[in-house]
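> show me the folded form of this:
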Amino acid sequence: ARDIAVQYYHAAETTIYDYIARRHPQSAQCVTDFMSTVMSGLSAKAREGHSIEQLCATAALAGEAIKTLLKE
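Residues are numbered from 1 along each chain as shown. Okay, here's the model as predicted:
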């Protein structure tokens, strides 16, 4: 199960990177690293019992950070 999870995680990272690289190649790795960290953190907080509202608020804040990064 762990190997499958790792494969899924890497596939998700590749998908994110490819999407961003088509539009913002200079920021693709940084934004991918950020998103990977955010997704891991959201997953951990969900396991700890954070509410959907808390998780969505965090995801929205991360989205705003990405907008700012990609404007520069």
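> and the strands in the chain?
Remark: no strands are assigned in the chain by DSSP state E.
> what residue ranges in it score low on pLDDT?
Counting by pLDDT under 70, the low-confidence segments of the chain come to 72.
> how close does the nearest residue to residue 17 once chain neighbours are set aside sit to residue 65?
By the measure of Cβ to Cβ, 6 or more residues apart in numbering, the closest residue to residue 17 outside its immediate chain neighbours is residue 32, 4.3 Å from it. Just so you know, the C-beta spots here come from the backbone N, C-alpha and C atoms, and that holds for glycine as well. For residue 32, the distance to residue 65 under the criterion Cβ to Cβ, to the nearest Å works out to 14 Å.
> neighbour count winner among those two?
Set residue 32 next to residue 65 and count neighbours by other Cβ atoms under 10 Å: residue 32 wins out with 20 against 14.
> contact partners for the more buried one?
For residue 32, the contacting residues are 13, 16, 17, 20, by Cβ atoms under 8 Å, 6 or more residues apart in numbering.
> residue boundaries of the helices in this structure?
2-23, 28-48, 52-71 (DSSP state H).
> tell me which of these sits most buried.
Among the helices of the chain, judged by mean count of other Cβ atoms under 10 Å, the one packed with the most neighbours on average is helix 28-48 (a mean of 14).
> so what's the gap between it and the chain middle?
Mean-position distance between helix 28-48 and its chain equals 4 Å (Cα atoms, centre = their mean, to the nearest Å).
> also stretch 50-70?
Relative to the mean C-alpha coordinate of its chain, stretch 50-70 is positioned 10 Å out (Cα atoms, centre = their mean).
> and if you look at stretch 43-53?
Stretch 43-53 has its C-alpha centroid displaced from the chain centroid by 15 Å (Cα atoms, centre = their mean).
> what does it contact?
With contact meaning Cβ under 8 Å, 6+ apart, stretch 43-53 is reached by 54, 55, 58.
> which one of those is nearest residue 7?
residue 55 (24.0 Å; Cβ to Cβ).
> was I right to think the closest one contacts residue 42?
Yes. With contact defined as Cβ atoms under 8 Å, residue 55 and residue 42 form a contacting pair (5.6 Å).
> between the contacts of residue 32, which is nearest residue 36?
When those are compared for distance to residue 36 (Cβ to Cβ), residue 13 wins out at 5.5 Å.
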